[in-house]
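Undergrad: With the input below, show me the fold.
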Amino acid sequence: MKNQPCANSGQCGRENPDSGVNTQRRRMMNIVATSLVAPLPFASSEALAQPVTTLLVEADAEADFKPIRPADLAVAKPLLVFPFDPKTGTPKNESRLSKIVLVRLPEDQMTPETRARSASGVVAYSSICTHQGCDVKTWMSKESVLACYCHASKFNLFDGAKVVSGPASSPLPAIPLTLAGEFLALAAPPVKPGE
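TA: Model prediction:
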């Protein structure tokens, strides 16, 4: 069968916009866009100008949620946290995939990229192991690595959570931090490994 010339030169080489693939893609993009936009405060132009600050609270807290300060963390002692919205007064703990591990480390031992994503020596990474999804929360002081208790993958938090050993094949996603007054807050969405 010969290729037919394209009758509408503006559409040559493009997928049919009514194809099932494009329809599914549009639906997925609408769902993602709606979920990202829905929590934003649309009440006024003043509210739009002010970014929503996402603080962090202990994952084990069941009530009386207290935002985390850098000083609340002992050096090299991991703490599992969830993002927290002070406007609603609740942690974003609907999914364990939202869980974050915080570790306070000596800044002079971090790579420049890791230091740029830290706040007062505190680094944040997804606490979900890139191997099979177990919680990564064990600090091994002799090796200065964070380890997964399920299959012993080890991650170097000083250098972007690169895999040191174990079955995990990719680093933990980094989560940039900032300070909101005296409290730790998310500076941006998680950074995919290699970015």
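Undergrad: Model confidence score at the residue nearest to residue 96 when sequence neighbours are not counted, please.
TA: Once flanking residues are discounted, residue 96 sits nearest to residue 128: 7.3 Å by CB to CB, 6 or more residues apart in numbering. The way it works is simple: take the backbone N, C-alpha and C, and place the C-beta from them, glycine included. Residue 128 is assigned a pLDDT of 96 by the prediction.
Undergrad: Residue 128: what's it in contact with?
TA: Taking CB atoms under 8 Å, 6 or more residues apart in numbering as the criterion, residue 128 is in contact with 96-97, 99, 134-136, 172.
Undergrad: buried subset of the residues you listed?
TA: For the contacts of residue 128, a burial check counting by 16 or more other CB atoms under 10 Å picks out 99, 135-136, 172.
Undergrad: Could you dump those residues into CSV and include distance to residue 109?
TA: Listed next are those as CSV, based on distance: CB to CB, whole Å:
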residue, distance to residue 109
99, 25
135, 24
136, 19
172, 18
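Undergrad: Restricted to strands, list those residues.
TA: Among those, the members falling in strands (DSSP state E) are residue 136.
Undergrad: Is it possible to get JSON lines of the buried ones among the contacts of residue 128 that adds distance to residue 113 and pLDDT?
TA: Below are the buried ones among the contacts of residue 128 laid out as JSON lines (distance: CB to CB, whole Å; pLDDT from 0 to 100):
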{"residue": "99", "distance to residue 113": "23", "pLDDT": "95"}
{"residue": "135", "distance to residue 113": "25", "pLDDT": "92"}
{"residue": "136", "distance to residue 113": "20", "pLDDT": "95"}
{"residue": "172", "distance to residue 113": "14", "pLDDT": "96"}
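Undergrad: quick one: which of the buried ones among the contacts of residue 128 is nearest residue 185?
TA: Within the buried ones among the contacts of residue 128, the smallest distance to residue 185 is 16.5 Å, found for residue 99 (CB to CB).
Undergrad: residue contacts, the nearest residue to that closest one once chain neighbours are set aside?
TA: Nearest-residue entry for residue 99: residue 127, 4.5 Å, with adjacent residues in sequence omitted and distances by CB to CB, 6+ apart. Going by CB under 8 Å, 6+ apart, residue 127 touches 80, 99-101, 135-137, 172.
Undergrad: gap between residue 127 and residue 133?
TA: 10 Å (CB to CB, to the nearest Å).
Undergrad: list the contacts for residue 107?
TA: Residue 107 neighbours (CB under 8 Å, 6+ apart): 115, 118, 121.
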